[in-house]
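Enquirer: Next come a sequence and a model predicted from it.
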Amino acid sequence: MKILEVADRTPDLINQLLEVWEKSVRATHLFLSDREIKNIKEYVPQALNGIAHLMIAAGEAGRAVAFMGIEDGTLEMLFISPEERGKGLGKRLIEYGIESYSVERLAVNEQNPQAKGFYEHMGFHVYKRTGLDEQGNPYPLLYMSL
């Protein structure tokens, strides 16, 4: 599995990442309704194109199976295809982000305890909680740092 920083964000790549995003969200964000996922999905391409550093993990066929986005030392996004979870890929991506981009903070949905536990396992700890997400929806966020 190769980790690559993507400079050329082609429509095909964005579509691959959108597929990874949706499968990952459906497997982990059980608090979101189908309608909410579809609404959020509309903004994902813009976020993927706008993030400063976009890394993908490419599988055997060269297709993306995971990705993360980093901006100014903050992990802004990390999504892994459900079939690739539990194989150490998230750990490899986080370690890469810490070593290469000085990642030291992130935000995670409080209602996603698997992600929170993973980040705690990676050395992050909660320093702040909000009752709403960044779009003002009733999904508490936990802000974590190393």
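Expert: Okay, I see it. Source: prediction; values computed, not measured.
Enquirer: Okay, buried residues for stretch 64-78 please.
Expert: 64-70, 74-78 (16 or more other Cβ atoms under 10 Å). From N, CA and C alone the C-beta is placed, and that goes for glycine too.
Enquirer: And these, which two are furthest apart?
Expert: Val65 and Thr74 (23.0 Å; Cβ to Cβ).
Enquirer: residue boundaries of the helices in the chain?
Expert: For the chain, applying DSSP state H gives helices covering 11-28, 34-41, 44-50, 89-101, 113-121.
Enquirer: closest to Arg129 out of those?
Expert: helix 113-121 (11.0 Å).
Enquirer: hmm, who's touching the closest one?
Expert: With contacts defined as Cβ atoms under 8 Å, 6 or more residues apart in numbering, helix 113-121 is touched by 28, 90, 94, 106, 108-110, 126, 142, 144.
Enquirer: Quick check on the residue of the chain positioned farthest from its centre: phi, psi?
Expert: When each C-alpha in the chain is compared with the mean C-alpha position (Cα atoms, centre = their mean), Ala61 comes out farthest, at 21.6 Å. Torsion angles at Ala61 (phi, psi; degrees, to the nearest 10) stand at phi -80, psi 0.
Enquirer: and the gap between the residue nearest in space to the middle of the chain and Tyr43?
Expert: In the chain, the residue lying closest to the centroid (Cα atoms, centre = their mean) is Leu78, at 1.7 Å. Separation of Leu78 from Tyr43 (Cβ to Cβ, to the nearest Å) stands at 17 Å.
Enquirer: tell me the contacts of the nearest residue to Leu30 once chain neighbours are set aside?
Expert: Nearest residue to Leu30 in three dimensions, chain neighbours excluded: Gln111, at 7.7 Å (Cβ to Cβ, 6 or more residues apart in numbering). Gln111 makes contacts with 29-31, 139-140, as judged by Cβ under 8 Å, 6+ apart.
Enquirer: Next up, phi/psi of Gln111, please.
Expert: Residue torsions, per degrees, to the nearest 10, at Gln111 are phi -80, psi 10.
Enquirer: What does the pLDDT read for it?
Expert: Looking at Gln111, its pLDDT stands at 92.
Enquirer: That one and Leu141: what is the separation?
Expert: 10 Å.
Enquirer: how far does stretch 42-56 stretch from start to finish?
Expert: Stretch 42-56 has an end-to-end distance of 20 Å (Cα to Cα, to the nearest Å).
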